[in-house]
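> how would this look folded up:
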Amino acid sequence: MSFDLKIKENQELLKHCKSVNAYNTGASRAYYCAFHILKNYLIINNFDYIDFLNRINKTTEHLYSHGTIGRAVYELLTKQNKKQFINNLNVLDNLYRKRRKADYE
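Okay, the predicted model is just below:
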């Protein structure tokens, strides 16, 4: 399944979750929607994730892990001189915390 389809599917699920007050499921889908958008952004911009993991001494991490994707996007935005978007990465952190709370608490 392509990223575009995953993103679209998650967006549709988000609308449904909102309409039936399924906020825990919605939190999870919102996070994964953002996650796939960022992963796709890195891929279409030819970001070298293996090199990135080597440089940050995280060679045992999986590509596009939850723990490193925000940092990778931060690095790419900085390299592209798109620093005005960096504050938006706080949304990913907030969604990740909400997803973990929804899934595990």
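> if I read this right, residue 10 contacts residue 32, doesn't it?
Yes. Residue 10 lies in contact with residue 32 (CB atoms under 8 Å); the separation is 5.6 Å. In short, each C-beta sits where N, CA and C put it, glycine included.
> Quick one: the helices in this structure, in order.
In the chain, the helices defined using DSSP state H lie at 3-19, 23-44, 49-55, 69-79, 89-104.
> Buried deepest among these, which one?
Among the helices of the chain, ranked by average contacts under mean count of other CB atoms under 10 Å, first place goes to helix 23-44 (a mean of 18).
> send the alpha carbons of it over as PDB?
Presented in PDB, the C-alpha positions along helix 23-44 are these (Å, rounded to 0.1, in the frame of the first residue of the first chain):
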ATOM      1  CA  TYR A  23     -10.800   9.300  20.700                       C
ATOM      2  CA  ASN A  24      -8.300   6.600  21.800                       C
ATOM      3  CA  THR A  25      -8.400   5.000  18.300                       C
ATOM      4  CA  GLY A  26      -8.400   8.500  16.800                       C
ATOM      5  CA  ALA A  27      -5.200   9.400  18.700                       C
ATOM      6  CA  SER A  28      -3.500   6.400  17.300                       C
ATOM      7  CA  ARG A  29      -4.600   7.000  13.800                       C
ATOM      8  CA  ALA A  30      -3.700  10.700  14.000                       C
ATOM      9  CA  TYR A  31      -0.200   9.800  15.000                       C
ATOM     10  CA  TYR A  32       0.300   7.200  12.300                       C
ATOM     11  CA  CYS A  33      -1.100   9.600   9.700                       C
ATOM     12  CA  ALA A  34       1.500  12.200  10.700                       C
ATOM     13  CA  PHE A  35       4.200   9.500  10.900                       C
ATOM     14  CA  HIS A  36       3.500   8.300   7.400                       C
ATOM     15  CA  ILE A  37       3.500  11.900   6.000                       C
ATOM     16  CA  LEU A  38       6.900  12.500   7.600                       C
ATOM     17  CA  LYS A  39       8.300   9.100   6.400                       C
ATOM     18  CA  ASN A  40       7.100   9.800   2.900                       C
ATOM     19  CA  TYR A  41       8.700  13.300   3.100                       C
ATOM     20  CA  LEU A  42      12.000  11.800   4.000                       C
ATOM     21  CA  ILE A  43      11.800   9.300   1.200                       C
ATOM     22  CA  ILE A  44      10.800  11.600  -1.600                       C
END
